[in-house]
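I would like the atomic coordinates for the input below:
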Amino acid sequence: MRISFEKALGGPEKALLYTAKRAEVLSNNIANADTPNFKARDLNFASVFAAQNKQAINTEFSLAKTNQSHINTGGLEVTLSDAALLYRVPNQPSLDQNTVDVQVEQAKYAENSIRFQAAFTRLNGAFKGLMMALKGG
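Numbers count the residues shown, from 1 in each chain. The predicted structure follows:
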């Protein structure tokens, strides 16, 4: 009998991947705070999560396939489309047309870190539950 990690774990692993991708986007914004004409971007959580849920229906956890005789692959991978990456509207226009507000970006990064930790805690709890079920105790 095959174990469907998708069905057993639910959504925490996708939330974990999403928050990791969002951390990349937010840190890129912070790194380019002094770059003229740089436009701050952020991920649209609703569009990414909806796309992942559509993709995940009836799929199971799988690995990268490097040979035809390997196990079939399917997706836990978070892909970012241009629809998911949105430009942030600045609170205050700047002379160099840069839309990054470092304080806003740092606050969003801190919020994202909390979401990452929460998703990790949920995923850890799900694995502990699976381990307890497999051990029978």
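
C-alpha only now, for contacts and for neighbours.
Fine.

quick check: longest helix of the chain.
Ranked by number of residues, the top helix in the chain under DSSP state H is helix 102-135.

If we go by neighbour counts, what in the helix or strand residue 17 falls within is buried?
Residue 17 belongs to helix 12-31 when elements are defined using DSSP states H and E. For helix 12-31, a neighbour-count test (16 or more other CA atoms under 10 Å) marks 12-20, 22-23, 25-26, 29-30 as buried.

do the same with stretch 115-130
For stretch 115-130, the neighbour count (16+ other CA under 10 Å) marks 115-116, 119-120, 122-123, 126 as buried.

Residue 44 contacts residue 85, correct?
Yes: the criterion here is CA atoms under 8 Å, and residue 44 meets it with residue 85 at 6.2 Å.

quick revisit: mind giving me the packing neighbours of the longest helix of the chain?
helix 5-9, helix 12-31 (3 or more CA pairs under 8 Å, 6 or more residues apart in numbering; DSSP states H and E).

Which neighbouring elements make contact with the last one?
Yep, that's helix 12-31 we're talking about. Counting contacts by 3+ CA pairs under 8 Å, 6+ apart, helix 12-31 packs against strand 41-43, helix 45-56, helix 102-135.
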